[in-house]
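A.B. asks: Next input, structure requested:
(chains A and B)
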Amino acid sequence: MTDSTGVKRRDFLKVLGAGTAATTMLGCGSEQVEKLIPYLVSPDQTVPGVSTYYATTCRECAAGCGVIAETRDGRTIKLEGNPDHPVNRGALCARGQSALQGLYNPDRYRRPMARRGGALVSVTWDEALRLFAQKLGETRSRGAAANALFINQHETGSFPGFLDAWLAGFGMPAHLSYDAGGEHAVVAANRQSYGTGWPRLDFKAARLVVSFGADFLDTWGAVVPQQLDFADARADAERAPRLVYVGPRRSLTGLNADQWIDCRPGGELALVRLLAGQTSAEEAAATSGVNASVLAAFAREFTDTTPSMVLAGGGGSTALEIALAVGALNQSRGNVGVTIKPAEGYLGFEGMSAPAELRAAAERMNSGGVSLLMVRGANPVFSLPKAVGFGAAMAKVPFKVSFSSYPDETSELADLILPDHHPLEQWGDAEPVRGTLSLQQPTMDPVFDTRATSDVLIALAKRDPSAAARYPLPDYRSWLTSRFPGGATALTASLPRALASGSLGGSATPRPIPASRIPAAIEQSSGNMFLVVYPHPLIGDGRGANKPWLQEIPDPVTKICWQTVAEMNPATADRMGFANGDHVTVRTAAGSITLPVLRYPGVQRDTVAIATGRGHQHSGRYAKAGLNPLEILPANEDRAGGVAYVSTRAEVTRASGHSPIVTTEGSPRQHGRGIGRAVTLAELRTSATAHDAGAANATEVAPQGDAAEAAPQAGGHGPAPAGGSGHGAPVAGDASHEFLPGLRAPVANDAQGEQGDPRSNEKGMYDPNHWSGMAKRRWAMTVDLARCTGCSACVTACYAENNIPTVGADWQHGPVMPDRTGFGANIVRSREMAWIRIERYYEGGEDGSADFETRFVPMMCQHCGNAPCEPVCPVYATYHAPDGLNVQVYNRCVGTRYCSNNCPYKVRYFNWYGYGEPNRSQYAFPEPLNWQLNPDVTVRGKGVMEKCTFCVQRIREAENRAASEKRPLQTDEFTTACAASCPSRAITFGDAADENWTVTQMARDARAYHVFEELNTYTAVVYLKKVSHPTAGSPVSQ
Amino acid sequence: MNLRSGWLAVPGFICIAALATMLSAYSGASSSEGYAPEQPVAFRHTIHVDTLKMNCLYCHFSANRSPDPGLPAVGTCMGCHTVVAGSSPGNKAEIQKLAAYWNKKEPVPWVRIHKLPEYVHFPHMRHVNAGVTCQTCHGDVQKMKTVYQASSLNMGWCVNCHIGQSNPPFRARYDCASCHY
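C.D. replies: Residues are numbered from 1 along each chain as shown, chains lettered A, B, ... in the order given. Just a heads-up that it's a prediction; the model follows:
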């Protein structure tokens, strides 16, 4: 030690001694006594540490998709689509994935509750049932049973029939089957035009799809099968249908369209008439505010193209008229039976009660005409426009019973709460398509002291001497079994797939269209902007609002999370002087809200758009984020009795204040970086010809060893495939295929060679001939942008699989920046946490025109062969594994964040707070959300960097399984969570060093490229360019 | 040591503490090797394994098919102990403790001895199926009157075996992401 530091040798040694002592004490003191609790009796068919899979039916929307629930040690930890199911064919959407956060929701009712002295207090089931039975008896003895009202969340299957029979047994009228997000006008019109409520849409057969606000990729009907069919159709570039979206706001479906006709609200009907040849382009232009020449070209294209498919939606006050006109148009164009297939329809949307019936019920309640109100699953107080006054009307009902599993605005007003099981805890069935019975079975024991409503109804009937005889069976399961075709044996036999053919007679009958409250034309309302209220694509009508995944995953369109914004066209915002985040007040006849502005080019210039779903008061801790536009929506209806979400103008004025926009987006533009690329069909055809010529050359020219030049021409190729598959010669896209993953990936050549002992030839496991064979593999992924719709199901699946914490709740930010508080504060500071994100870029339309194209790019760790993150890590916490994975070793990581700084893809995420540590306020998994955590994946602690692992736990699990069965890993034996859930089938994962894996075939596509190839990162993720179908003369591509 | 030099020593102290932590981890100073807690029932591996020659897999039933070795359910114990009451007074007393748990329908709250950190994934079946004996890692449990942790279970101890074997079936990968993910 030198004098210059002022520290003497003796002092240094003293400090050294103290340091050692301190660490030794820490080392010993951190041990905790942990218990090993065995089973009392081992359950059958389960092995600890090995998953059991139960097939069941998803009840997050009415479509009735099949899911496989992965259950580990008695807890359901992951949902995936059931590959055998006719509706979703193995895929699962974001809302389906998030059912788990409903099951383990920390705000769930834990036991029955009753209102005593104004407050809800816990009671036992016996007390609760006794109280309910007493009130039922009182209602009947007063002769008021006919005035009882039961509102059930709309579902298909045998429960609605069971419920009606139960109600009839007590002299009560049939229930209302309510779905706030239901497309009532479309269903009513479909039934009239096609004879079925929801036909199958055969996108493959269509050459042109025109959507009048029909958001078939967002929330409009059977979203998962529609997305599967749409992506399949679009993946076949030569036969892909062009999609034209007509409406005031580009939804997710609108962003996937090749052309957007930015029609003013209320102008859609004129455009349908234009297509039907009933009006001229000039007249339609005057009503819709769209340029007449655009409309003329649109009408010409429609007339010239067969078969086509025209879809109606949009939720305006003229929704039924539009849907009927569209039905007539499809019939006159011969599309019915060709592109629109009524015979293969989905049954999930039959039998919905229109919101007008609930409005009428609210009026009855107000006048004291309802003696007993029972609500199960639905939340009409929140999801109907506040102007309907459902909540206020409830106060006039003497006794209100809620069967809700969660606290919500409706159950908050109830007198008795009999919490229902979550759908993953109970028996049931659905009939999603004709002749297919989709079974619902419990995947685990109930989390809380809840009871299935079906069982509660049976128990109540048994208490009533007059009804008991009709319910000889102990519970609903026995009831189902007794009616099941083939009985108990057949039921048990069909449980592994949860599918059976036949019907339990549960098909709902269409309901008559009620009298509606039709508003005056939207043009006649007052205000400076049209108001468009639309359902949030992930949160929906508000049902998903208390699931932190759905709050945190950015809206696929706006990239907003945890926040409600007023979307305005940038041109309009400029005119009115609004920057992003400036507060505006949106005022209608029904009320006003103040919220920040988001400049979104996909909104028509005279329109302000606000998403529903957020802004709850009583639905739990996460649901408080945002605002609810239904508070300012007038109680208008369309002619089918559906809520008219687009029916009024609003006065938009500046308010004081400014909030940062809670978004994960950096820039909506690519700035020439070529992240999301596209080709037109014509370009694809030309390049295919060029590549064929190039491929011929490549067989003569030896592959170039130096792959550093990202030459876009097709000269350099990887080695020709041995044992060539039917896929033909290796065809290069613009990417030079040396960079494509494979045996020539540099990881096999130099990783250990450079970093190991330079004097040694020993490359260890990095030698492809090493006995472990690790370096023989190259895990890789392809993402087909022609298929990807940006729906974010992959993001949700990744959250579920990889224990990714949500970080945006308002108690999860740090104390150091008092100006950044509230929901999403961490995200405003760019401290988001998502291993895979969907980047959304606009191309064209810089001049403010509606003619812009959107590219969706799922972005995850690219597992570079030459990764910039690796050499900068001072502690070797990130390194390259021989099988091509860029590994992050959490226990080595000291949190310098150098790797994140050096990552060109910005896919590394840092644990700023202890999101995974239960004793911290920022803990992301409050009990029992932590029950969902995947035991195969480490829950990361504070100060640790993390990122996509290519689901390494699934790779290891497959390797372990193969080794246990003494066989090699099979081709396409497993896949990652994102690829498994993708309802577009855009993601393929596998071993790119093996010819037989699908990913290898995919990577040879002529559209293949790497993001930032010029950086020589040798990524393992290969993107396939989007194929765009612009109108003649549109500026697109590259 | 004046005040100024003391302040300068702080960064040095931190460096040294970090170094000492690393050293102690690698040397096994923070291992719980030898940990032998008292169990709620004094279960004798000596009698069951050494005397009665019961196979480990009878109770640890999933060690050859799961990452988790499996812990016998109380019902498994009672499968024999409804008829086996023990020969010595001491054993009788312990078996009665077990029966008491069973009669109360409560699981026996065993104290965990072997515990890897949560960022390590150890698949038991890969080791058992390769022919690594239980004793290789857990020591001669059949001879232990009270079970204790026989090995350090530190990473160096794992890796020594993973890199030290050259012949199948014992040779094993030593890539970080084999266990850490």
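
A.B. asks: how about A:I675, what does it touch?
C.D. replies: A:839, A:841, A:855, A:857, A:859, A:1011-1012 (CB atoms under 8 Å, 6 or more residues apart in numbering or on different chains). To be clear about C-beta, it is placed using only N, CA and C from the backbone, and glycine gets the same treatment.

A.B. asks: Then A:D445?
C.D. replies: Listed by CB under 8 Å, 6+ apart, the contact set of A:D445 reads A:74, A:425.

A.B. asks: Would you reformat the contacts of A:I675 as CSV and include distance to chain B and secondary structure?
C.D. replies: Shown next, in CSV, are these (distance: CB to the nearest CB, whole Å; DSSP: H, G, I helix; E, B strand; the rest coil):
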residue, distance to chain B, secondary structure
A:E839, 26, strand
A:Y841, 32, strand
A:R855, 32, strand
A:V857, 26, strand
A:M859, 21, strand
A:V1011, 24, coil
A:F1012, 24, coil
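
A.B. asks: In contact with the residue of the stretch 701-850 of chain A found nearest chain B, which residues?
C.D. replies: Across the stretch 701-850 of chain A, the shortest distance to chain B (CB to the nearest CB) belongs to A:S772, at 5.1 Å. The neighbourhood of A:S772, defined by CB under 8 Å, 6+ apart, consists of A:765, A:882, B:171, B:173.

A.B. asks: how would you label the third one: helix, strand or coil?
C.D. replies: For B:R171, the reduced secondary structure class is coil; criterion used: DSSP: H, G, I helix; E, B strand; the rest coil.

A.B. asks: pretty sure it is touching A:G773, no?
C.D. replies: No: proximity of B:R171 to A:G773 does not meet the contact threshold set by CB atoms under 8 Å, at 12.0 Å.

A.B. asks: Next one, pLDDT for residue 14 please.
C.D. replies: Since no chain was named, I'll use chain A. pLDDT recorded at A:K14 is 43.

A.B. asks: nope, chain B please
C.D. replies: B:I14 is assigned a pLDDT of 62 by the prediction.

A.B. asks: need the helices for chain B, in chain order.
C.D. replies: Assigned helices in chain B, in chain order: B:3-27, B:45, B:56-59, B:74-81, B:89-104, B:124-129, B:134-138, B:155-164 (criterion: DSSP state H).

A.B. asks: weakest of the ones you listed by average pLDDT?
C.D. replies: Looking across the helices of chain B, the weakest by mean pLDDT turns out to be helix B:3-27, at a mean of 55.

A.B. asks: which residue does chain B bring closest to chain A?
C.D. replies: Across chain B, the shortest distance to chain A (CB to the nearest CB) belongs to B:D68, at 2.9 Å.

A.B. asks: which residues touch that residue?
C.D. replies: The neighbourhood of B:D68, defined by CB under 8 Å, 6+ apart, consists of A:47-50, B:62, B:124.

A.B. asks: Which single strand of chain A contains the most residues?
C.D. replies: Among all segments of chain A classified by DSSP state E, the strand with the greatest residue count is strand A:648-658.

A.B. asks: What residues does A:P432 make contact with?
C.D. replies: Under the criterion of CB under 8 Å, 6+ apart, the contact list for A:P432 reads A:57, A:63-65, A:86-87, A:156, A:222, A:346-348, A:438.

A.B. asks: who wins for most neighbours among those residues?
C.D. replies: Counting neighbours by other CB atoms under 10 Å in any protein chain shown, A:C65 comes out on top of the contacts of A:P432 with 32 neighbours.

A.B. asks: And the nearest residue to B:R44 once chain neighbours are set aside, what's its pLDDT?
C.D. replies: Setting aside the residues directly before and after it, B:R44 is nearest to B:K145 in space (CB to CB, 6 or more residues apart in numbering or on different chains), at 6.9 Å. Note for B:K145: predicted pLDDT of 91.

A.B. asks: cool, and the one 4 residues further on?
C.D. replies: What the model reports as pLDDT for B:Q149 is 95.

A.B. asks: correct me, but it touches B:P37?
C.D. replies: No: here B:Q149 does not reach B:P37: they are 9.7 Å apart, not a contact under CB under 8 Å.

A.B. asks: what number of residues lie near A:L36?
C.D. replies: The number of residues packed around A:L36, counting by other CB under 10 Å, is 15.

A.B. asks: Just the strands from the stretch 551-700 of chain A, written as ranges.
C.D. replies: Remark: strands assigned in the stretch 551-700 of chain A by DSSP state E, counting those that start in this stretch are A:566-568, A:582-588, A:591-599, A:607-611, A:648-658, A:678-680.

A.B. asks: Now do the longest one, average pLDDT.
C.D. replies: Pointing back at strand A:648-658 there. The predicted model assigns strand A:648-658 a mean pLDDT of 95.

A.B. asks: quick one, what contacts the closest residue to B:P117 other than its chain neighbours?
C.D. replies: Residue nearest to B:P117 in three dimensions, not counting chain neighbours: A:N891, with 6.9 Å by CB to CB, 6+ apart. Neighbouring residues of A:N891 by CB under 8 Å, 6+ apart: B:117, B:119-120, B:180.

A.B. asks: Switch the residues you listed over to CSV; also include pLDDT and neighbour count.
C.D. replies: Shown next, in CSV, are the contacts of A:N891 (pLDDT from 0 to 100; neighbours: other CB atoms under 10 Å in any protein chain shown):
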residue, pLDDT, neighbour count
B:P117, 92, 11
B:Y119, 93, 18
B:V120, 95, 14
B:H180, 94, 20
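
A.B. asks: A:R249 versus A:T436, what's the distance?
C.D. replies: Shown here: A:T436 relative to A:R249, a distance of 35 Å by CB to CB, to the nearest Å.

A.B. asks: Can you convert the contacts of B:D68 into JSON lines and add a column each for neighbour count and distance to A:P432?
C.D. replies: Compiled in JSON lines, the contacts of B:D68 are given as follows (neighbours: other CB atoms under 10 Å in any protein chain shown; distance: CB to CB, whole Å):
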{"residue": "A:V47", "neighbour count": "17", "distance to A:P432": "32"}
{"residue": "A:P48", "neighbour count": "18", "distance to A:P432": "35"}
{"residue": "A:G49", "neighbour count": "20", "distance to A:P432": "34"}
{"residue": "A:V50", "neighbour count": "16", "distance to A:P432": "31"}
{"residue": "B:S62", "neighbour count": "21", "distance to A:P432": "37"}
{"residue": "B:H124", "neighbour count": "21", "distance to A:P432": "41"}
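
A.B. asks: would you turn these into TSV with distance to B:P72?
C.D. replies: Shown next, in TSV, are these (distance: CB to CB, whole Å):
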residue	distance to B:P72
A:V47	13
A:P48	11
A:G49	15
A:V50	17
B:S62	11
B:H124	15
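
A.B. asks: so which of the residues you listed comes closest to A:A240?
C.D. replies: Sorting the contacts of B:D68 by how near they are to A:A240, with CB to CB, puts A:V50 at the top with 42.9 Å.

A.B. asks: Please state the backbone phi and psi of A:A979?
C.D. replies: Taking degrees, to the nearest 10, you get phi -70, psi -40 for the backbone angles of A:A979.

A.B. asks: returning to that earlier point: between the strands of the stretch 551-700 of chain A, which one is closest to A:Y1023.
C.D. replies: strand A:678-680 (10.7 Å).

A.B. asks: now for that closest one, which elements pack on it?
C.D. replies: With contacts defined as 3 or more CB pairs under 8 Å, 6 or more residues apart in numbering or on different chains; DSSP states H and E, the packing partners of strand A:678-680 are strand A:1026-1028.

A.B. asks: need the helices for the stretch 501-650 of chain A, in chain order.
C.D. replies: In the stretch 501-650 of chain A, the helices defined using DSSP state H, counting those that start in this stretch lie at A:548-552, A:570-576.
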